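> A predicted structure for the sequence below; I have some questions about it.
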Amino acid sequence: MKITFLFFILLVSSTSYPLLVSTQKTDISEIRKQMLRAINSSKVTDSLYSSLQKINKKPPLVLAYTGALEALKAKESWNPYNKIKFLNLSFKTVQQAVNASPNDMEIRFVRFSIQSNIPKFLGLSKDLMADKGQIIKQLKQKNYGLADKLFVQNIIKFMVDSKQCTPQEVAFLQDQSKF
């Protein structure tokens, strides 16, 4: 009975985050799903962060999501020192992703979403306009990278809701959401 229970626990725990690290291949759609859960769960944040940390030679998009998780860790921390430490780490990690793939709409969106959620008085939202411009440029060129139709629509909705766009940009984004 104990062996059956142990086997069940091992089976469940090994399938909780399917193949995020398996043979260094990454499942971006699974990372996206887990990121959505991580926003509301520190346990998921910690688990996904740990999984992504195990990946050697992270692709730029995985680096961007690692940076987003570091921002979530800053948000969840009660210690001001840790908040700043994780926030600075997040900015550095996401900047590495942007440097590695500057035209990737999803990477720019990750940074845009982090910076649009940081309190303005911190003065850390310096890349919002550049990221917004790059995202709109990629949308105009229909260069969605690895993003599927639903994810592109979610990017557009987030940007409109962020209140960072001009009325003309909002009109363009709303037109793009109908593709």
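All right, it came through fine.

> Residue 68 in helix, strand or coil?
helix (DSSP: H, G, I helix; E, B strand; the rest coil).

> That one - how many residues pack around it?
By the measure other C-beta atoms under 10 Å, the count of residues near residue 68 is 25. All C-beta atoms are positioned from the backbone trio N, CA, C, and that covers glycine.

> Same check on residue 80?
Neighbours of residue 80 (other C-beta under 10 Å): 8.

> On the pLDDT front, check it for me.
Looking at residue 80, its pLDDT is 92.

> what's the spacing between residue 42 and residue 145?
29 Å (C-beta to C-beta, to the nearest Å).

> typo on my end, it should be residue 110
12 Å.

> Now do the contacts for the residue positioned nearest the centre of the chain.
Taking C-alpha atoms, centre = their mean as the criterion, residue 65 is the residue nearest the geometric centre of the chain, at 3.9 Å. Residue 65 is in contact with 31, 35, 52, 110, counting by C-beta atoms under 8 Å, 6 or more residues apart in numbering.

> all helices of this protein, in order?
2-15, 28-38, 42-53, 60-76, 80-100, 105-116, 128-140, 149-161, 167-176 (DSSP state H).

> How about residues contacting the fifth one?
By that I understand helix 80-100. Helix 80-100 is contacted from outside by 60-61, 63-64, 66-68, 70-71, 73-75, 77, 104, 107-108, 110-111, 114, 118, 124, 127, using C-beta under 8 Å, 6+ apart.

> Quick one: neighbours of the nearest residue to residue 102 once chain neighbours are set aside, just the number.
Distance criterion C-beta to C-beta, 6 or more residues apart in numbering; nearest residue to residue 102, sequence neighbours excluded, is residue 134 at 7.5 Å. When neighbours are counted by other C-beta under 10 Å, residue 134 registers 21.
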